[in-house]
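Undergrad: Pasting the sequence and the predicted coordinates here, then a few questions.
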Amino acid sequence: MKEMERRVYQVMSENGLLEMSIGVYLLVLGIMFLEAPKLVTFSALMIFILKPAIEKIQNRYIHPRIGYVKLRETDSSVGKGIVITAVVFILTLVGSLITLNLVLGSNQGSLIWFRWFFPILSSVMFAFGPFWLGSTYGLKRGYFMACFIPLVGIFVAVLGKTTGYTSLGIIFLTGAIPSVVSGIIMFKRFLLKYPIEEVSDES
């Protein structure tokens with residue numbers, strides 16, 4: 001049953017909407033980190049904006065081509081796992097900042113934390129979502145994003161041109177590019193692969 005659900009989900013995700021949604025979210029998140037970090041907490045509201053937009057696209061372009069399939073509701077343990085993972089990483093971030101400040105002093109410790117720990121650990125935390133999609137539904141592109149985002153985080157930290165919120169903004173904007181581009185390409189391929197047959201009016 002689980003294998004069947006995996007295959008159904010793989011087919012349903014061929015349309016590229018998942019990639020485009022993630023890309024748009026990363027784009028907005030990146031702009032917020034660069035221009036208005038204090039507003040980042042409001043990025044969660046994007047869910048309420050993207051959801052109706054995705055449903056409208058599905059009703060107009062997806063369902064008329066391949067129909068509609070309702071999968072089982074996601075296990076509640078998944079949500080708990082996401083919350084636990086987020087809490088662990090937040091505690092890790094805070095713990096590393098406190099440790100560096102105690103060992104190196106507040107100035108030096110904060111500088112090192114904002115350059116290395118903050119961007120790298122944050123990008124690793126974000127990678128858990130794509131990794132879960134890859135491991136749960138067999139989406140190889142999920143593994144790609146799970147590796148790509150942390151690598152960008154490491155590259156930004158090593159380059160050392162930006163730190164803190166600015167580095168996160170660059171990381172998320174960079175991650176948005178392959179998501180949006182691949183999503184658009186997949187969407188176009190989907191439309192060509194599943195054309196809507198016109199019904200003839202001839203009697």
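TA: Thanks, I have the structure now.

Undergrad: so what pLDDT did the residue nearest to the spatial centre of the chain get?
TA: Centrality entry for the chain: nearest residue to the mean C-alpha point is Ile22, 4.5 Å, by Cα atoms, centre = their mean. Looking at Ile22, its pLDDT reads 92.

Undergrad: Kindly report the same for Gly67.
TA: Predicted confidence (pLDDT) for Gly67: 79.

Undergrad: before we move on, what about Phe48?
TA: For Phe48, the predicted pLDDT is 85.

Undergrad: Glu73 now?
TA: 62.

Undergrad: Low-confidence ranges, this protein, go.
TA: For the chain, the stretches flagged by pLDDT under 70 are 1-2, 69-79, 197-203.

Undergrad: let's see it at 90
TA: 1-14, 37-51, 63-90, 125-126, 128-129, 132-140, 160-164, 194-203 (pLDDT under 90).

Undergrad: The residue nearest to the residue nearest to the centre of the chain when sequence neighbours are not counted: how many residues sit nearby?
TA: Nearest in space to Ile22, with sequence neighbours left out and distances taken as Cβ to Cβ, 6 or more residues apart in numbering, is Ser179 at 4.8 Å. In this view, the C-beta of every residue, glycine as well, is placed from N, C-alpha and C. Applying other Cβ atoms under 10 Å, we find 25 other residues in the vicinity of Ser179.

Undergrad: need the contact list for Ser179.
TA: Contacts for Ser179 (Cβ atoms under 8 Å, 6 or more residues apart in numbering) come out as Glu19, Met20, Ile22, Gly23, Leu26, Met145.

Undergrad: Could I get those residues in CSV, plus columns for secondary structure?
TA: Output for those, formatted as CSV (DSSP: H, G, I helix; E, B strand; the rest coil):
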residue, secondary structure
Glu19, helix
Met20, helix
Ile22, helix
Gly23, helix
Leu26, helix
Met145, helix
